[in-house]
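Student: Provided below for reference: sequence and predicted model.
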4 protein chains.
Amino acid sequence: MRDPPPHLATPMILVLQSGASEEQIQHVVERVESLGMTAHLSRGTYRTIVGVIGDERQLQETPLEAIPGVARVISVMDPYKLASRESHPQPSVVDVAGVKIGGGHLAMIAGPCAVESAERMDSIAKAVKAAGANILRGGAFKPRTSPYAFQGHGEDGLKILRDTGDRHGLPIVTEVMDPRRVELVVKYTDMIQIGARNMQNFVLLTEVGKTNKPVLLKRGMSATVKDLLMSAEYILSQGNPNVVLCERGVKGFDSATRNLYDVAAVPAVKALSHLPIVVDPSHATGRPDLIGPCALAGVAAGADGVHIEVHDCPEQALSDGEQALLPERYAEVMQQIRRVAEAVGKSISN
Amino acid sequence: MRDPPPHLATPMILVLQSGASEEQIQHVVERVESLGMTAHLSRGTYRTIVGVIGDERQLQETPLEAIPGVARVISVMDPYKLASRESHPQPSVVDVAGVKIGGGHLAMIAGPCAVESAERMDSIAKAVKAAGANILRGGAFKPRTSPYAFQGHGEDGLKILRDTGDRHGLPIVTEVMDPRRVELVVKYTDMIQIGARNMQNFVLLTEVGKTNKPVLLKRGMSATVKDLLMSAEYILSQGNPNVVLCERGVKGFDSATRNLYDVAAVPAVKALSHLPIVVDPSHATGRPDLIGPCALAGVAAGADGVHIEVHDCPEQALSDGEQALLPERYAEVMQQIRRVAEAVGKSISN
Amino acid sequence: MRDPPPHLATPMILVLQSGASEEQIQHVVERVESLGMTAHLSRGTYRTIVGVIGDERQLQETPLEAIPGVARVISVMDPYKLASRESHPQPSVVDVAGVKIGGGHLAMIAGPCAVESAERMDSIAKAVKAAGANILRGGAFKPRTSPYAFQGHGEDGLKILRDTGDRHGLPIVTEVMDPRRVELVVKYTDMIQIGARNMQNFVLLTEVGKTNKPVLLKRGMSATVKDLLMSAEYILSQGNPNVVLCERGVKGFDSATRNLYDVAAVPAVKALSHLPIVVDPSHATGRPDLIGPCALAGVAAGADGVHIEVHDCPEQALSDGEQALLPERYAEVMQQIRRVAEAVGKSISN
Amino acid sequence: MRDPPPHLATPMILVLQSGASEEQIQHVVERVESLGMTAHLSRGTYRTIVGVIGDERQLQETPLEAIPGVARVISVMDPYKLASRESHPQPSVVDVAGVKIGGGHLAMIAGPCAVESAERMDSIAKAVKAAGANILRGGAFKPRTSPYAFQGHGEDGLKILRDTGDRHGLPIVTEVMDPRRVELVVKYTDMIQIGARNMQNFVLLTEVGKTNKPVLLKRGMSATVKDLLMSAEYILSQGNPNVVLCERGVKGFDSATRNLYDVAAVPAVKALSHLPIVVDPSHATGRPDLIGPCALAGVAAGADGVHIEVHDCPEQALSDGEQALLPERYAEVMQQIRRVAEAVGKSISN
């Protein structure tokens, strides 16, 4: 594991309970100091506040909230380091077999949910390439809610995807779910996808962090922006700097859309981190009629790319056909994306 | 109250419980028919399904789920009528004292959260007008979470807002909270705002529905798209057709932003309704640094306008200063909005 | 309006941005001091923190976050005063025409969603009284999502409810939605209900705060515990101390239940406030089969009462029939509630 | 993999778009029939509805929503089979090394978040055993949001936990995160825990499904009740029938509690499934002062057990100390749990 950055002096703030006794206050101070940290006491009329300075790794591992008399612990610095903009002020540009993502370069990732057959893959790849896509996607290992649903073609699927990408000059991205299969998937793909359901599968994150492949890390359905960056930190901390984040919708209360597309997460991530972030309006909305408008919204908000599922016969798709765009519609959306990209000063890599 | 559209034959579907007895099935059919509706029985191996056709007002008032043996009631048609696209296929254009909203015309609503003084109002109005805003906002009656917070200047505030708008050639919009004050507010304003917390204040909706003033109806923090359209229906059903919806963020779990900006609601509303919809990135994000990107996202997604809070000294604002843009920054955002608007084929009304 | 408690010295904490300049730091201090507050500076290696002491009303009205260089504002004390346990350490007991709520006394509120007819009201009242209910509910003014749905019988409904309560020796509670009708409703009822959709209708809260009637304040669907207490503060600040809170479910993402029943809000409220709180499993779950278990959960968690909708023919109810219990089932649930109440050392008032 | 139950005739309902053409309707029918399913057409004035009967595995794999003209697909039967109450009407009782869970028997699972040392484990085990706990918990592999936080003692931790359990006569439960470690963990433990973040780690679910060990499956933070049952189905479908579910809070918008404790999920699960379900108020609330009330609420709502983190010096805990109960407080909570358990007719296994 890569060394974390040199010990930073991180302030934490302990707000004591309103009725904290003198003894409790003293115990808090002693406890903090016994851990090798410094305590700064500030007594108000109603509350006492203790500023804590110390080694942040130590601070993260110590449950200061559990000290009697402590009402709240407020962390002032971000818990991620390598992912933070403070540690790396310039935006990162990730290179996926020649296609740049970030720093003004837009990734246009397209393809079917699952790799179904060589023929279908070929016709879809041809269509999305013609429309301007620059990375081809397709699942060989599929996370399915039901154990009885189609789970993907496995290594055969990887081979088809690899061949199709090569034939059409498109780098490929595909999901890995099993830490025992990372080596296999890495052999075939140009970019590894970590799905939303595995965003906090720390074992898997660690495993892909040990490779050097670009990783497309999708935001979990109930992950905060901070959670997403912490998961990126897992990968970065293993030595793999090639992480691209993906906003794909979080859980919401309105069934009008499958998920709630959190487009504000795009600039919110950029304020905190140097990592590129793309949007996935297919999974975010689950509705083909909303994919176009939401793709444009993502680009306008500053996203570094758009991930869209495309299938040439959605009603026969083996997985998620109901949210796929037809190739003709994808081509139209790409036209509009180009115009909006230009309006915000970006261009599609190729 | 305006007559609802002529009785429509609305199908509802009753899914019976898996163990529903023959007697229960018969009772369901009798009950449906006793209400003057027609029942279509469809027996499956495991479940029986009953299609119900009848007068939809009757259907809405009858708790079919409470009939013994009924497991689920599925409503097939939308419960709003006047707000629906089916009843009015063309997009509506609302005219606010000469400024058009909808049908390709963008409203740019800007101004401080609260009307504070004539001088401040004047300098802000001058700045937003110069930047390209076409409607001036400002609160005279403020909904504040704390009873001890500044509640607005009342009628004096309305007078200042009216004068300022007239002097700068900007129509004005201001919030009303009290049904007893609708008459007063209507006397001064060009457009009435219903705030998010009052979206389901049906008494207030009914009252503004009786006027002819354009209404800016903000989405409640836990309102679905359907709830929002039902609240619009309240206003429309009273005879006031001039409703403009506003997406301003819903409750979310991530404190990275104040609310969760649901930009997909813009095309989702447009799929269901002919009413114009604007976005309010100020309230949606609560963070000045995210307002610009989220304004662009809204326009790219198809919104009919953008509502932004602007204050020339946010740190002295009497309300919500922390989410206001400075006039200079607003002018920059307006430049970007113009470029994105052009990219999606729209223009700012004036 | 009642005077708020004497000026308390309230600490706020300003966390400055990591790159805040010396000038910004000085401006923050000057700004704080110009407002008559005291600033305590604490410089860390990476961040500077400013503790602010001052008059809390002033603090609440000042957007400290908008001062350049300020990254976060952390409020240490609660913004509600009269509702807080700090201001009133003993639990309040609210008396509703002789029925005590709080301090070990449980309110059992039952009745139909809407008052439909004198006969129906009578038979339901008789049944719930026999089962052990001690307060009768019924709506005369109904907040309905659809303008076309049954809106209640108005004053006629109030008369029926009053008569029924008197005949069966049950105090009554009914909802008011319109500030112009508060006087009318107060004339008839023993307790006023503020519905979830009006929890932040500050005009209405102020109006019922001016009366002396007990108020049943239902939690809004997206209201935090703090929001709920702030709304109670509106009523209390007008001089009406008789507020009973009600947890009735918040918006959730799982359609398995109508709302998400937040039973932890019961002890969370009790940790912060002296006000009684009851639970409403009817609205929280929207499913008759879950009402019993969730009622027991509420009592076990420390609630001061249970609000359940009961109807003797749910399938003919004019409103919300699908979530009503039959009287026989209500009687069974009451038996179980008595056992759980005893297990936690409480009893049902009468 | 175990065979799913024999082909069931599963109705699905297709609601067609309001303007669906005659050709589209015919295409839908042909498409359904080409898949070997039967279509029942029901034409309304405004909408046409198609009932579909067929092999449910086929139905689950076919994206019927993607057929042109289809507006909505409504599934009438549950997608889980082995987990459903329909397939197994009696409640399951899971035996964990002699301790029964379900069918009136309550599991009281207690222990520290992480196994820290043999001494600490011993003193905690002694205390919780004395208080009435019947299963000992402790983590040897810890899922931590930060890669820099303590990750558990691994196999050494497993040995300590095994020894401690044996010495105090308590079966043990511990988490597994890595499919490559399932064999190792199974060697030591009596029950395997799948954490919330891994609830949809289908690779891991499949792996534990191949063992015969009881599994404690925690609900994911954004998982619906149906999602939870589908994840249980993964384990069951591999041949392992010993699944115990655990409600531990879902994501909510109110920071008053760490998560939103969904106590209604307990009876909601019981309505759909025969599997036992326990509650975890420690993770659900993240606040020691709420653990007791929420534990009681869970038992009152029908839970088959309670999982509580206990630590004898929370402020020195290596993980999650801020949500642990002290042994003395745990003993008090256990006293109250016994009384509420008795009130609902249950008892603690031993």
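Tutor: Thanks, I have the structure now.
Student: What is the subsequent helix or strand relative to whichever strand or helix holds A:Val186?
Tutor: Using DSSP states H and E, A:Val186 sits within helix A:182-188. Next helix or strand after helix A:182-188 toward the C-terminus (DSSP H and E): strand A:191-194.
Student: ok, and for the helix holding A:Val186, which residues are buried?
Tutor: Across helix A:182-188, burial judged by 16 or more other C-beta atoms under 10 Å in any protein chain shown covers A:182, A:184-186, A:188. Every C-beta, even on glycine, is put in place using the N, C-alpha and C of the backbone.
Student: from those residues, which two are the most distant?
Tutor: Longest distance between any two of those is 11.5 Å, between A:Val182 and A:Tyr188; criterion C-beta to C-beta.
Student: For chain D, what's its nearest residue on the stretch 51-200 of chain A.
Tutor: Proximity of the stretch 51-200 of chain A to chain D (C-beta to the nearest C-beta) peaks at A:Pro63, 3.0 Å away.
Student: er, the stretch 201-350 of chain A I mean
Tutor: Closest residue of the stretch 201-350 of chain A to chain D, C-beta to the nearest C-beta: A:Gly321 (3.1 Å).
Student: Pull the contacting residues for that residue.
Tutor: A:Gly321 sits next to A:113, A:311, A:314-315, D:63, D:65-66 when contact means C-beta atoms under 8 Å, 6 or more residues apart in numbering or on different chains.
Student: how much space is there between it and B:Ile74?
Tutor: Distance, A:Gly321 to B:Ile74, using C-beta to C-beta, to the nearest Å: 22 Å.
Student: ditto for A:Ile308
Tutor: Counting by C-beta to C-beta, the gap from A:Ile308 to B:Ile74 is 31 Å.
Student: okay, these two: which has more neighbours?
Tutor: A direct count of neighbours by other C-beta atoms under 10 Å in any protein chain shown for A:Ile308 and B:Ile74 places A:Ile308 higher, at 30 against 17.
Student: Wait, that one touches A:Leu325, no?
Tutor: Yes: between A:Ile308 and A:Leu325 there is a contact under C-beta atoms under 8 Å: 6.0 Å.
Student: now A:Met191, nearest residue through space, not along the chain?
Tutor: Nearest non-adjacent residue to A:Met191, counting by C-beta to C-beta, 6 or more residues apart in numbering or on different chains: A:Val173, 3.9 Å away.
Student: what's the pLDDT at the one you found?
Tutor: Confidence at A:Val173, expressed as pLDDT, is 98.
Student: can you check A:Gly139 too?
Tutor: Value listed for A:Gly139 in the pLDDT field: 96.
Student: swap in A:Tyr46?
Tutor: pLDDT, A:Tyr46: 62.
Student: so A:Leu217 touches A:Glu247, yeah?
Tutor: No: under the criterion of C-beta under 8 Å, A:Leu217 makes no contact with A:Glu247, lying 10.7 Å away.
Student: how much space between A:Lys81 and D:Phe150?
Tutor: In this view, A:Lys81 and D:Phe150 are 17 Å apart by C-beta to C-beta.
Student: between the two, who's got more neighbours?
Tutor: Set A:Lys81 next to D:Phe150 and count neighbours by other C-beta under 10 Å: A:Lys81 wins out with 21 against 18.
Student: From what I see, that one and A:Ala232 are in contact.
Tutor: No: A:Lys81 lies out of contact with A:Ala232 (C-beta under 8 Å); the separation is 11.0 Å.
Student: and the nearest residue to A:Thr189 once chain neighbours are set aside, what is it in contact with?
Tutor: Of all residues not flanking A:Thr189 in the chain, A:Thr174 sits nearest, at 5.0 Å (C-beta to C-beta, 6+ apart). The neighbours of A:Thr174, taking C-beta under 8 Å, 6+ apart as the test, are A:115, A:137-141, A:157-158, A:161, A:185, A:188-189, A:191-193.
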